[in-house]
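Engineer: build me a model:
(one chain, ligands or ions: 1)
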Amino acid sequence: MSTQEQSGAATTRTQSPDAVVVGAGTAGCYAAATVARAGYDVVVIERKSETEAGHIACGDALKGADAFPEAIPKSKLEPAFTNTGVDHGRFEIPQEDTVLEIPVPGELAVIDRWEYGRRIIEGAGDAGVEFHYDTVVKNVVQADDGRVTGVEAVRKGDPIEYESDIVIDAAGSLSVLQDNVDFSDSTFDTNVDYTHFCSAYREIVHVDEPVEWSDALVFKPTERAAGYLWYFPRTETEINAGLGFQMTEEPMQLVDDLKRDLENRPEFAGAEVEDKLGAALPTRRPYDSAVHPGYMAVGDAAGHVNPTTGGGIAGAAYAGKYAAEQAIEALETDDYSEDTFWKYNERVMDHFGARYAALDVYNILSTAVDVDDLMGLLAAMPGDKLAEALYSGSTDIGLKLKLEALLKSRGHWGTIWNLYQTKRRADELLSHYENYPTSPEGLAGWQDRRDDLMEKVYETTGAEPKY
Ligand SMILES: Cc1cc2nc3c(=O)[nH]c(=O)nc-3n(C[C@H](O)[C@H](O)[C@H](O)COP(=O)(O)OP(=O)(O)OC[C@H]3O[C@@H](n4cnc5c(N)ncnc54)[C@H](O)[C@@H]3O)c2cc1C
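Structural biologist: Alright, predicted model coming up:
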């Protein structure tokens, strides 16, 4: 439904779909497709043009593609998977002159991210979603009782208002929507700071000769500041090369630092750069609650990224699905309260949120230990156990491996002890997140206990409090 209203010089057009989704990224497309498949009118508002939409800064590594939500069929995405032969990580540790080969569990593909972006938009379109491009959301509309009832946007200079019982914020990192909502009467997490983000940049690089590591994701610590470089092979000759650093650190010169590393690698001699993009991504725990009456945040807008790997595509897709399923329940019962949306928070925590919160403990540790020491220790650890730790948030090392690792890692025993204690703290936190409350009323008590556990994390690691 669309109406027009004359106010002063500008005419404000008004649209009234059942649900409004802001952002045509992964979270937005999966959320919108899920709601549309239930028979509701859904509009996705995207600030980019139709041609640019889906062009998003990314390392192009897609993990868990085998089990993506079905609202957009996997067959739709597959043509964007340019390399499905990757099965391990290659960690280059120059400080130790070592390369660690670490298996990556589950299905992994390196993708052409823009093509993938276009395909999820097409998939959501097939499900019945309407896309409004070149439309920038500027403000969120709230009723007197605080409930969100729509958004205000500008399309090519013209104001446009969307009235809707459901607003899904899928606007990515540092979503501007959240600056405009008064969350004082809801559980929505506002404990968000720029230091919880990583600044990252990547280039698509073409080389003449096939690289030797086309079956691996290559990682390498950066020289300055806590961060890492990556080289992910889209094909044997097309590489996504990038780097990022945590915003707690001194800013890095991302473009120059990447250039220097590329120049030092013989396989990139004479390489051509095709595309350059940078962005921020959340490397923190997921929001304690991403719901407010009439409003849910999903994907990067709610911190749904693995804080140790920076992988956020899978989390965004699932968050989109889970939020959409609560949106459908709200539309069916005409109840847009936090109680109706709460199940969304619970499903996120249950699926990946608890794990990501535990992994964040290792991020916190990394801000407090000496990087060279940590790298030395990593070089001494068994690779499969490292992989387990990276993805599960916890690992159990048998006695024989423990002794072997201990012998190899002489000189790093202080760090090992620190890591061991930190793992215990991460495990405690994981157990606590596994008991995430079943209603908004339980959140404050749960947060108090969690904050006590975080105090112990800071004590153990010696790190500055992050939240
Ligand atoms: C450099 C880099 C490398 C990364 N590498 C990987 C990787 O290899 N693998 C992986 O899984 N993840 C990676 N990530 C993380 C991953 O890209 C994100 O987690 C994922 O894209 C999140 O999806 P999203 O839908 O939440 O947000 P986004 O994909 O950011 O989508 C948000 C959308 O909202 C639109 N938007 C924003 N504000 C407005 C507004 N006001 N009005 C209208 N539209 C708006 C944007 O234009 C955009 O289209 C990387 C991130 C970066 C920055």
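
Engineer: quick check: end-to-end length of stretch 17-33?
Structural biologist: 14 Å (CA to CA, to the nearest Å).

Engineer: and for the residue of the stretch 301-450 of the chain found nearest the ligand, the neighbour number?
Structural biologist: Residue of the stretch 301-450 of the chain nearest the ligand, by CB to the nearest ligand atom: Gly312 (1.9 Å). No exception for glycine: its C-beta is placed from N, CA and C like everyone else's. Residues lying near Gly312 (other CB atoms under 10 Å) number 26.

Engineer: same deal with Phe91?
Structural biologist: Neighbours around Phe91, by other CB under 10 Å: 22.

Engineer: could you look up the SS state of it?
Structural biologist: For Phe91, the assignment made with DSSP: H, G, I helix; E, B strand; the rest coil gives strand.

Engineer: quick check on the residue of the stretch 301-450 of the chain closest to the ligand: phi, psi?
Structural biologist: Main-chain dihedrals, Gly312, degrees, to the nearest 10: phi -130, psi 0.

Engineer: that one and Leu281 touch, don't they?
Structural biologist: Yes. Under the criterion of CB atoms under 8 Å, Gly312 makes contact with Leu281 at 6.2 Å.

Engineer: about what we covered before: and the closest residue to the residue of the stretch 301-450 of the chain closest to the ligand other than its chain neighbours, how far is that from Arg425?
Structural biologist: In space, and not counting its chain neighbours, Gly312 is closest to Val305: 3.6 Å by CB to CB, 6 or more residues apart in numbering. Between Val305 and Arg425 the distance is 21 Å, computed by CB to CB, to the nearest Å.

Engineer: between the two, which has more neighbouring residues?
Structural biologist: Between Val305 and Arg425, counting by other CB under 10 Å, Val305 is the more crowded of the two (26 against 21).

Engineer: what helix or strand is the more buried one located in?
Structural biologist: When elements are assigned from DSSP states H and E, Val305 belongs to no helix and no strand.

Engineer: can you check Lys220 too?
Structural biologist: Secondary structure (DSSP H and E) places Lys220 in strand 216-221.

Engineer: and the closest residue to Pro293 other than its chain neighbours, how many neighbours does it have?
Structural biologist: Sequence neighbours aside, Arg147 is the residue nearest to Pro293 in space, at 4.0 Å (criterion: CB to CB, 6+ apart). Other residues within reach of Arg147, judged by other CB under 10 Å, total 18.

Engineer: I'd say Arg147 and Asp335 touch.
Structural biologist: No. Contact criterion CB under 8 Å: Arg147 and Asp335 do not qualify, at 11.1 Å.

Engineer: any residues touching stretch 256-270, and which ones?
Structural biologist: The contact list for stretch 256-270 (CB atoms under 8 Å, 6 or more residues apart in numbering) reads 201, 203, 205, 207-209, 211-212, 220, 222-224, 229, 239, 241-243, 271.

Engineer: mind checking the end-to-end distance for that stretch?
Structural biologist: End-to-end for stretch 256-270, by CA to CA: 17 Å.

Engineer: then stretch 45-64?
Structural biologist: Where stretch 45-64 begins and where it ends lie 27 Å apart, using CA to CA.

Engineer: so where is this structure shaky, pLDDT-wise?
Structural biologist: Applying pLDDT under 70 to the chain picks out residues 1-10, 224-226, 371, 373-416.

Engineer: show me the helices in it, by range?
Structural biologist: 26-37, 74-77, 113-126, 254-263, 313-333, 338-348, 354-366, 371-380, 383-392, 399-408, 413-434, 443-461 (DSSP state H).

Engineer: and of the ones you listed, who's closest to Ser49?
Structural biologist: Of all the helices of the chain, it is helix 113-126 that lies closest to Ser49, at 12.2 Å by CB to CB.

Engineer: what's the angle between that closest one and helix 26-37?
Structural biologist: Counting by axes from the mean of the first three to the mean of the last three CA atoms, to 10 degrees, helix 113-126 lies at 20 degrees to helix 26-37.

Engineer: quick one on the thing from earlier: any part of the strand holding Lys220 near the ligand?
Structural biologist: No. Against the ligand, strand 216-221 shows no contacts by CB under 6 Å from any ligand atom, the least distance being 8.4 Å.

Engineer: for that strand, buried residues please.
Structural biologist: Ala216, Leu217, Val218, Phe219, Lys220, Pro221 (16 or more other CB atoms under 10 Å).

Engineer: which residues are in contact with stretch 65-72?
Structural biologist: Taking CB under 8 Å, 6+ apart as the rule, stretch 65-72 contacts 29-30, 33-34, 37, 74, 77, 81, 106-109, 120, 123-124, 126-127, 314, 317-318, 320-321, 324.

Engineer: quick one: the residue nearest to Pro293 from Ser186, how far?
Structural biologist: Taking CB to CB, one finds Arg147 at 9 Å from Ser186.

Engineer: if we can go back for a sec, ok, of the buried residues of strand 216-221, which one's closest to Thr11?
Structural biologist: Leu217 (51.0 Å).

Engineer: which ones are touching the closest one?
Structural biologist: Here Leu217 is in contact with Ala61, Val86, His88, Gly89, Arg90, Val104, Leu108, Val110, Trp230, Tyr231, Phe232 (CB under 8 Å, 6+ apart).

Engineer: of those, list those near the ligand.
Structural biologist: Ala61.

Engineer: how about the contacts of Leu217 in JSON lines, adding neighbour count?
Structural biologist: Below are those laid out as JSON lines (neighbours: other CB atoms under 10 Å):
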{"residue": "Ala61", "neighbour count": "24"}
{"residue": "Val86", "neighbour count": "20"}
{"residue": "His88", "neighbour count": "17"}
{"residue": "Gly89", "neighbour count": "22"}
{"residue": "Arg90", "neighbour count": "17"}
{"residue": "Val104", "neighbour count": "18"}
{"residue": "Leu108", "neighbour count": "22"}
{"residue": "Val110", "neighbour count": "24"}
{"residue": "Trp230", "neighbour count": "22"}
{"residue": "Tyr231", "neighbour count": "25"}
{"residue": "Phe232", "neighbour count": "22"}
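
Engineer: among the contacts of stretch 256-270, which ones are buried?
Structural biologist: Counted by 16+ other CB under 10 Å, these give 201, 203, 205, 207, 211, 220, 222, 229, 239, 241-243, 271 as buried.

Engineer: switch those over to JSON lines; also include distance to Val151.
Structural biologist: What follows is the buried ones among the contacts of stretch 256-270, written out as JSON lines (distance: CB to CB, whole Å):
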{"residue": "Tyr201", "distance to Val151": "30"}
{"residue": "Glu203", "distance to Val151": "34"}
{"residue": "Val205", "distance to Val151": "38"}
{"residue": "Val207", "distance to Val151": "44"}
{"residue": "Val211", "distance to Val151": "45"}
{"residue": "Lys220", "distance to Val151": "42"}
{"residue": "Thr222", "distance to Val151": "38"}
{"residue": "Leu229", "distance to Val151": "38"}
{"residue": "Ile239", "distance to Val151": "39"}
{"residue": "Ala241", "distance to Val151": "37"}
{"residue": "Gly242", "distance to Val151": "32"}
{"residue": "Leu243", "distance to Val151": "34"}
{"residue": "Ala271", "distance to Val151": "43"}
